[in-house]
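Engineer: With the input below, show me the fold.
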Amino acid sequence: STVYTDQAVTNGTTYFYVVSAVTVGGEGPNSAETNATPYVTPTVFTNSAAGAWNSVTWQPNPPGKPVSGPDITLVFDNAATAASTNDMGGFMFNQLRLNNRSVNLAGAPLLFAGTTPQLVSAQNYAHSIASTAYLDQVTIFDIAANTLTLSGTIDGQGGISKRGGGTLAVGGALDYSGSTLLDGGVFLALADRTLAGQIYFGAAAGSTNTSVLNLGSGSLSFSGMEARNNSVATNTVTIGAGRTLTVRGTLKVGSYSTSASSTSRVAIAGAGALSIGSGSGVLKVGDNTGSAGIVSTLDLSGLATLEMDGTEVTVGNGYSMTASGNTLILASNSTVSASYIHVGDMTVSAPMEMMKLGAGTNVIYADTIGLGTCSGGIYGGGRGDGTLQFNGSSGSLVLRGRSQAGTDFEIGTGGGAAYGYGTFNVNNHDCDLRVGVLRMGEGTHTTVNTHTFSFNRGALEIHALDIGILMHTNYVQVSEVNLGGGT
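Structural biologist: Now for the predicted structure:
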């Protein structure tokens, strides 16, 4: 045979060979000696030194240098702070693991690729990456503690999944097209940036981890925002003075649908502003289609300014049970423009759903406000209870339709069996209210309900009053319009 395979070898050991020809006449002389060193190309490369990648020796050695590929793991295990530079051109890998002291990485672009790409910062040391990072898919940034700062451009078709209790600080251009998933720790904006995708609290629906979004040093704009985790702890957003969190589409809190009850909470605070939509914004709190209750809260009471220009505000709309109770608290100074506002339009009985006005100036332009089950509700024929009131003793309200005409009210109208009542109470607050039609207690409820509209300070204009029309002959509906003062 002219082929020989030596299978009794050890990787890394050099073997020497000669060959000779054997014929019927005997064996010929040996050939010149040759050698070979078998090894399997490694997929994990470790660097313990500072400097350019081509100038330091990586382990294992050989080969002493990392190779690029979608299955490669790069490990930094430096015992002292290290400045490291990628001088090997655009470099592809699956994992980047910062296992020891601080690493300040710069140089040519880095491409995260392969199955479940990720960066892991395992110790309590700060790290920074100035290189451009390309994300081929959703890439995990698992930061156990301290801060990882990305000052270079982040690009690609993938997204960011932030995990761990540490901080991910972003200062470069955020050009990636995927979503931003927050599942623990802090996501810190260092500059004003507009992102193509959505931001989620909860890397997956039902996650029990909560997160912090910090806009103290930069404004961020997302196509949408959704809190889909399940935790009694609160996701927090901090917006600094002169900064804005912009949600161009839908902001939703409490979307996790399950056969068990769930809780989702978001608090947004600071001297800055929250902006929702630009004519098409949607705000939903407690939007649940599961078979059990959900308790959702969006608390803007610590925020200076809310500006919304959209189509819909809903609180407690969905299929829910008695374990539910959803609350929206507006910012100190809030301007909300929407086609309709619905509070408590549930398809199954639930506790009171609440929308609370802020402590400063509230201006609402809405064509329809529905409190409790309303005939114009998304689900229609439900049993929800809803209220609109102030969050505390201070604050004022200006109410108009979007065309400056009156806002139509539906309080406890429509509906199905049982429950379904609403209350509107602005007593002891300065108000300027322009109401088109005030319709109350017009439904098929099979329990005794009391619906109320209460006002006693400022100016109230009502163009039509339609109350107490019950479509069920066996149960009493009480509708009260309490006018204790004002004009």
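Engineer: pretty sure Thr34 contacts Tyr15?
Structural biologist: No. Assessed by Cβ atoms under 8 Å, Thr34 is found out of contact with Tyr15, at 9.6 Å. No exception for glycine: its C-beta is placed from N, CA and C like everyone else's.
Engineer: Now do the residue positioned nearest the centre of the chain against Ile160, distance only.
Structural biologist: What sits nearest the mean C-alpha location of the chain, by Cα atoms, centre = their mean, is Tyr200, with 1.8 Å. Going from Tyr200 to Ile160 by Cβ to Cβ, to the nearest Å gives 11 Å.
Engineer: And the strands in the stretch 301-450 of the chain?
Structural biologist: With strands called from DSSP state E, counting those that start in this stretch, the stretch 301-450 of the chain shows them at 303-315, 327-329, 333-343, 352-357, 361-371, 385-390, 396-400, 407-411, 422-425, 431-440, 449-455.
Engineer: Let's have those strands in JSON lines, adding mean pLDDT.
Structural biologist: What follows is the strands of the stretch 301-450 of the chain, written out as JSON lines (pLDDT from 0 to 100):
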{"stretch": "strand 303-315", "mean pLDDT": "95"}
{"stretch": "strand 327-329", "mean pLDDT": "96"}
{"stretch": "strand 333-343", "mean pLDDT": "95"}
{"stretch": "strand 352-357", "mean pLDDT": "92"}
{"stretch": "strand 361-371", "mean pLDDT": "95"}
{"stretch": "strand 385-390", "mean pLDDT": "92"}
{"stretch": "strand 396-400", "mean pLDDT": "98"}
{"stretch": "strand 407-411", "mean pLDDT": "91"}
{"stretch": "strand 422-425", "mean pLDDT": "93"}
{"stretch": "strand 431-440", "mean pLDDT": "94"}
{"stretch": "strand 449-455", "mean pLDDT": "89"}
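Engineer: Dump these to CSV, plus distance to Ser280 and mean neighbour count.
Structural biologist: Listed next are those as CSV, based on distance: least, Cβ to Cβ, whole Å; neighbours: other Cβ atoms under 10 Å:
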stretch, distance to Ser280, mean neighbour count
strand 303-315, 6, 22
strand 327-329, 19, 24
strand 333-343, 10, 23
strand 352-357, 21, 25
strand 361-371, 15, 23
strand 385-390, 23, 25
strand 396-400, 20, 20
strand 407-411, 20, 25
strand 422-425, 27, 24
strand 431-440, 24, 20
strand 449-455, 30, 22
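Engineer: Can you redo these as JSON lines, where the extra columns are distance to Ser177?
Structural biologist: Below are the strands of the stretch 301-450 of the chain laid out as JSON lines (distance: least, Cβ to Cβ, whole Å):
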{"stretch": "strand 303-315", "distance to Ser177": "24"}
{"stretch": "strand 327-329", "distance to Ser177": "31"}
{"stretch": "strand 333-343", "distance to Ser177": "29"}
{"stretch": "strand 352-357", "distance to Ser177": "34"}
{"stretch": "strand 361-371", "distance to Ser177": "34"}
{"stretch": "strand 385-390", "distance to Ser177": "38"}
{"stretch": "strand 396-400", "distance to Ser177": "39"}
{"stretch": "strand 407-411", "distance to Ser177": "39"}
{"stretch": "strand 422-425", "distance to Ser177": "43"}
{"stretch": "strand 431-440", "distance to Ser177": "44"}
{"stretch": "strand 449-455", "distance to Ser177": "48"}
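Engineer: If you count neighbours, what's buried in the helix or strand hosting Glu480?
Structural biologist: Glu480 is located in strand 477-483, with elements delineated by DSSP states H and E. If you call a residue buried by 16 or more other Cβ atoms under 10 Å, then strand 477-483 has these buried ones: 477, 479, 481.
Engineer: out of those residues, who's nearest Gly171?
Structural biologist: Closest approach to Gly171 among those (Cβ to Cβ): Val481, at 55.7 Å.
Engineer: The strands of the stretch 301-450 of the chain: which one's closest to Pro42?
Structural biologist: Pro42 lies closest, by Cβ to Cβ, to one member of the strands of the stretch 301-450 of the chain: strand 303-315, at 51.8 Å.
Engineer: Show me the strands paired with that closest one, marking each as parallel or antiparallel.
Structural biologist: strand 262-285 (parallel), strand 333-343 (parallel) (DSSP bridges).
Engineer: thought the residue nearest to the centre of the chain was touching Thr180?
Structural biologist: Yes. Tyr200 lies in contact with Thr180 (Cβ under 8 Å); the separation is 7.2 Å.
Engineer: mind listing what the residue lying closest to Ala32 once chain neighbours are set aside touches?
Structural biologist: Excluding the flanking residues, the one nearest Ala32 by Cβ to Cβ, 6 or more residues apart in numbering is Val18, at 7.4 Å. Going by Cβ atoms under 8 Å, 6 or more residues apart in numbering, Val18 touches 30-34.
Engineer: Val437 now?
Structural biologist: Neighbouring residues of Val437 by Cβ under 8 Å, 6+ apart: 406, 408-409, 463-466.
Engineer: go with 10 Å
Structural biologist: Each residue near Val437 by Cβ atoms under 10 Å, 6 or more residues apart in numbering is listed here: 368, 406-410, 462-466.
Engineer: Kindly report the same for Val398.
Structural biologist: 335, 361-365, 430-434, 458-459.
Engineer: nearest to Gly172, of the residues you listed?
Structural biologist: Thr335 (33.1 Å).
Engineer: in the sheet, who's paired with the closest one?
Structural biologist: Glu307, Val363.
Engineer: From Asp345, how far out is Gly370?
Structural biologist: Applying Cβ to Cβ, the value for Gly370 to Asp345 is 6 Å.
Engineer: actually Gly89, not the one I typed
Structural biologist: On the measure of Cβ to Cβ, Gly89 and Asp345 end up 58 Å apart.
Engineer: Please apply the same query to Gly249.
Structural biologist: 21 Å.
Engineer: One more: Gly178?
Structural biologist: With distances taken as Cβ to Cβ, Gly178 is found 33 Å from Asp345.
Engineer: So between these two, which is more surrounded?
Structural biologist: Asp345 (33 against 20; other Cβ atoms under 10 Å).
Engineer: isn't the more buried one right next to Ile411, touching?
Structural biologist: No. Asp345 is beyond contact range of Ile411, at 12.0 Å (criterion: Cβ atoms under 10 Å).
Engineer: quick revisit: right, and the pair among the contacts of Val18 with maximum separation?
Structural biologist: Pairwise distances among the contacts of Val18 were taken by Cβ to Cβ; the largest, 11.0 Å, belongs to Asn30 and Thr34.
Engineer: mind listing what the residue nearest to the centre of the chain touches?
Structural biologist: 159, 161, 179-183, 207, 211, 222, 224-229, 252, 255.
Engineer: Restricted to buried residues, select those residues in PyMOL.
Structural biologist: Burial among these is assessed by 16+ other Cβ under 10 Å; the matching PyMOL selection reads:
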select buried, resi 159+161+179+180+181+182+183+207+211+222+224+225+226+227+228+229+252+255
